[in-house]
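**Student:** No letters, just coordinates:
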Ligand code: ATP
Ligand code: MG
């Protein structure tokens, strides 16, 4: 169920309002807790919008906390990209923290739990621990080391910290109940030994807290009132509460919402990393990626992503959102913001035979019909233009209102032309289309009032600029790429035709000087954004999206 009605509060808003009303909390404090092991994706954007959005709405604050408890996978490259992406999305965190800031405190609390008889050092291997955990229907088996004395546990735990043991030789476990119906409560591991350099604490530690032990306590240290995470953590909540109760520290509470899933893409950092590492995409910011940096490079605006997150609402049950809804939010935003220009992706010459070779004209064109303040520009006209290859057909069906011998068409902003024929090369390929123009039709209307059905875009071949254009299709060919046949992986569902590069497109000269990430609507073709590879004298555009949802039709 989606809470789509914006006047209706979502369940998190209801909880918060109640907590504030009842005086359970004075001010709300949330956090966004990414693990710096990859770049953020659109699912994270959802979490960011919720965490920052709720705090903003209720006058509270949001911390950015890096959940850096696994040194093997984490890196400062990821830390930097995460910060950049959150800022770009338009949010500001109150303070920047790291779970690793709390390693000493977490260690001291672990000692406290040992002293209370609530934690013990286990010598079982990971494999043994897994085997002895039991199943959902049968109880687990107590570790033979479970009843070690407090003194022995304290001494062993200290030696773990001092590096006396190798990876996997020992763990620290909470002493709860090996028959607990919730598997997470069956003496969960609190610390493991990893002799690896951490991107912040370097070699200071060789024991690292598990997510479940670090997360709630970090929340508590920061006085997080509402710790919002995704649904899969609901079975971790009893453990979250258990640690906080046993330690008698600030009572943070965890609330879960459904993670965002979108069709035709994958959203696990592990899989996105695989796409990058194995070269299926050009990088984390490949415009086909669902990462924030990929969407940015593709031409998405922060507003469109925020609107999308707002629009889909906060769900309590897992659901799958159609990719077209993300594009819908984007179109709404770009329609207001993007200047219109003319560009030809598959150029073919249009020669106007009754127009003198030295004839030039400058016509008024509207920059953005949605925004008068954007004003007008001039587009130049001559006897040689470029038009789109498929705007001409030698033998056209009845309802074809573009160029075909004998038929009239309006050139956007300019004149009415009448097709007279075409030139072909030795292979029969059309190389130029010929026409005559009606000099009386300047601006696009016939003086005798005759109706012209088709309007096409064009550029002046005599002063246009050339550019590269990259067109994208879905990265995956199936709605749920993770759904695979036996023996296949999500990679088997990649769409082999997700990228088309057009090297010699023609654009009106108004685009000279376009800067990276500038956005335009190319009339009839879609929204385009200037790519990072673009240079002043060799522009490169990404098609952000088409003007209408072309995927819906294909279904
Ligand atoms: P992934 O599975 O992609 O690696 P993760 O959950 O391991 O994601 P974290 O860095 O731990 O990634 O996520 C930070 C926060 O973002 C967490 O609170 C997590 O619940 C949330 N989050 C991650 N993916 C989604 C998603 N698809 N929808 C909503 N929230 C998400
Ligand atoms: Mg995670």
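**Tutor:** Yep, it's here. These numbers were taken from a predicted model, which means no experiment stands behind them. Ligands and ions are numbered 1, 2, ... in the order given.
**Student:** Which residue, other than its chain neighbours, is closest to residue 255?
**Tutor:** residue 228 (5.2 Å; Cβ to Cβ, 6 or more residues apart in numbering). Using the backbone N, CA and C atoms, a C-beta is placed for each residue, glycine as well.
**Student:** same check, this time on residue 516
**Tutor:** Spatial nearest neighbour of residue 516, excluding adjacent residues (Cβ to Cβ, 6+ apart): residue 530 at 5.1 Å.
**Student:** For the one you found, give me its contacts.
**Tutor:** Residues counted as contacts of residue 530 (Cβ atoms under 8 Å, 6 or more residues apart in numbering) are 514, 515, 516, 517, 518, 519, 539, 540, 541, 542.
**Student:** Can you go through those residues and name the buried ones?
**Tutor:** 514, 518, 519, 539, 540, 541, 542 (16 or more other Cβ atoms under 10 Å).
**Student:** Isn't the second one up against residue 529?
**Tutor:** It stands for residue 518. Yes: proximity of residue 518 to residue 529 meets the contact threshold set by Cβ atoms under 8 Å, at 7.1 Å.
**Student:** I'd like to check what contacts the helix or strand where residue 82 lies. Which residues are they?
**Tutor:** Per DSSP states H and E: residue 82 is located in helix 76-89. Helix 76-89 has contacts (Cβ under 8 Å, 6+ apart) with 32, 34, 36-40, 44-45, 48-49, 64, 66, 93, 96, 199, 284, 292-293, 296, 302, 305-306.
**Student:** Write a ChimeraX command that selects only the buried members of these.
**Tutor:** In ChimeraX, a selection of the buried entries from the contacts of helix 76-89 looks like this (16+ other Cβ under 10 Å):
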select :32,34,36,37,38,39,40,44,45,48,49,64,66,93,199,284,292,293,296,302,305,306
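**Student:** interface residues of the stretch 201-350 of the chain facing ligand 1?
**Tutor:** 229, 230, 259, 260, 267, 268, 269 (Cβ under 6 Å from any ligand atom).
**Student:** Looking at the residues you listed, state which has the most neighbours.
**Tutor:** Counting neighbours by other Cβ atoms under 10 Å, residue 260 comes out on top of those with 24 neighbours.
**Student:** who's in contact with it?
**Tutor:** 42, 43, 46, 267, 309, 312, 321.
**Student:** Which ones among those residues lie within helices?
**Tutor:** 42, 43, 46, 309, 312 (DSSP state H).
**Student:** Pipe these into CSV and attach pLDDT per row.
**Tutor:** Converted to CSV, the ones in helices among the contacts of residue 260 look like this (pLDDT from 0 to 100):
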residue, pLDDT
42, 98
43, 97
46, 97
309, 97
312, 94
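**Student:** Next, count neighbours for whichever residue of the chain sits closest to ligand 1.
**Tutor:** With Cβ to the nearest ligand atom as the measure, residue 43 is the residue of the chain nearest to ligand 1, at 2.2 Å. By other Cβ under 10 Å, the residues close to residue 43 number 18.
**Student:** thought it was touching residue 265?
**Tutor:** No: using Cβ under 8 Å, residue 43 makes no contact with residue 265, being 9.8 Å away.
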